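1. Quick check, what structure comes out for this input:
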Amino acid sequence: MARLAVLIHGMWGTADVWRNWRPFLETRGWQTIVPSLRHHDAPPQAPPPALGTTSLHDYVADLEAILEALPEKPVVIGHSMGGLIALLLCAKGLARAGVLLTPAPPASVVAIRPSNLLAFLRIQMSWAWWRKPHRAALDEALAYTFNTTDPREAAEIHASFVHESGRALFEIALPWLDATKAATVDPRRVTVPLLFVGAEKDQLVPPAVVRRTARQFAHVSDHAEYEAQGHWVLGQPGWDRVAEDTMTWLDAKAG
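-> Numbering: from 1, shown residues only. Below is the predicted model of the structure:
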């Protein structure tokens with residue numbers, strides 16, 4: 001039976017962001033499931049109004065239904081916001097291991113840094129941003145998401161980006177104001193192996209933030225950090241080394 005991996009995209013993404021990782025896993029004997037998060041199948045020009053108030057709770061609930069219907073517990077691999085969602089699923093006992101690629105942090109880790117403040121400044125200058133859909137502009141994406149990616153390739157990927165939930169951004173960026181505690185993860189509830197992957201030049205989730213998160217889950221976690229890499233470990237030069245190291249870790253921890 002093929003080993004099973006569920007790949008969870010991050011903010012503004014769709015299943016297409018796994019265009020490199022998906023075939024990489026499949027040629028190594030993994031069966032992959034690559035869902036799009038709720039409302040992320042809409043065209044970039046026409047975000048559904050309901051997206052603005054969609055919560056991390058909603059994303060997790062949708063994926064929980066997918067995972068519970070599978071014949072066996074999968075590995076979950078998440079990038080950025082998808083890494084936090086993968087962690088939340090692991091805390092629910094729905095996966096047998098989690099790979100968290102430059103993951104957004106849980107509520108217990110203060111992640112505010114100058115670079116990620118600037119990355120979202122324009123979005124958060126709009127009144128009621130916390131209940132509106134939003135999308136990174138190309139210059140913002142080039143500076144913060146794709147800062148170590150070829151600009152032409154980055155522009156092509158950015159063109160496929162869709163809008164994201166203002167509510168989800170609020171829950172990640174300002175968790176102390178979120179009464180629903182959507183980004184809260186109790187480390188004691190996570191009992192499966194975790195691999196945290198940080199990147200030296202990450203402007204959205206700086207490597208120190210990933211290290212702090214990994215330490216909170218030290219009883220089950222391993223941590224890797226890559227020099228000269230930015231946030232886009234899914235496709236920038238060097239992504240294949242990250243993927244290869246991830247496969248080696250999975251063979252040891254969830255083979």
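2. Can you report how many residues lie near residue 108?
-> 14 (other CB atoms under 10 Å). Every residue, glycine included, has its C-beta placed from N, CA and C.
3. my bad, residue 112
-> 9.
4. With residue 71 instead?
-> Count around residue 71 with other CB under 10 Å applied: 7.
5. which SSE is it in?
-> Under the criterion DSSP states H and E, no helix or strand holds residue 71.
6. And it, what's its pLDDT?
-> pLDDT recorded at residue 71 is 93.
7. My reading is that residue 38 lies in a helix. Confirm?
-> No: counting by DSSP: H, G, I helix; E, B strand; the rest coil, residue 38 falls outside a helix, being coil.
8. That one against residue 62, yeah?
-> Yes: counting by CB atoms under 8 Å, residue 38 touches residue 62, with 5.4 Å between them.
9. ok, residues contacting stretch 11-19?
-> 7, 9-10, 32, 34-37, 40-41, 79-82, 104, 135-136, 157, 160-164, 168-169, 234-235 (CB atoms under 8 Å, 6 or more residues apart in numbering).
10. What about residue 150, how many residues nearby?
-> 12.
11. Now for residue 175: which residues touch it?
-> 106, 107, 181, 182, 183, 184.
12. how about 6 Å then?
-> With contact set as CB atoms under 6 Å, 6 or more residues apart in numbering, residue 175 has these partners: 107, 183.
13. if I look at it, how far off is residue 145?
-> According to CB to CB, to the nearest Å, residue 175 stands 21 Å off from residue 145.
14. Same question for residue 21.
-> 16 Å.
15. So which bits of stretch 209-220 are buried?
-> For stretch 209-220, burial by neighbour count (16 or more other CB atoms under 10 Å) applies to 209, 210, 212, 213, 214, 216, 217, 220.
16. So which of those is the closest to residue 68?
-> Set against residue 68, the nearest of these by CB to CB is residue 220 (21.7 Å).
17. so who does the closest one touch?
-> Here residue 220 is in contact with 190, 193, 194 (criterion: CB under 6 Å, 6+ apart).
18. Of these, which belong to strands?
-> Using DSSP state E, the subset of the contacts of residue 220 located in strands is residue 194.
19. Output the contacts of residue 220 in CSV, with distance to residue 118, neighbour count and pLDDT appended to each entry.
-> Below are the contacts of residue 220 laid out as CSV (distance: CB to CB, whole Å; neighbours: other CB atoms under 10 Å; pLDDT from 0 to 100):
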residue, distance to residue 118, neighbour count, pLDDT
190, 32, 22, 98
193, 34, 21, 98
194, 29, 27, 98
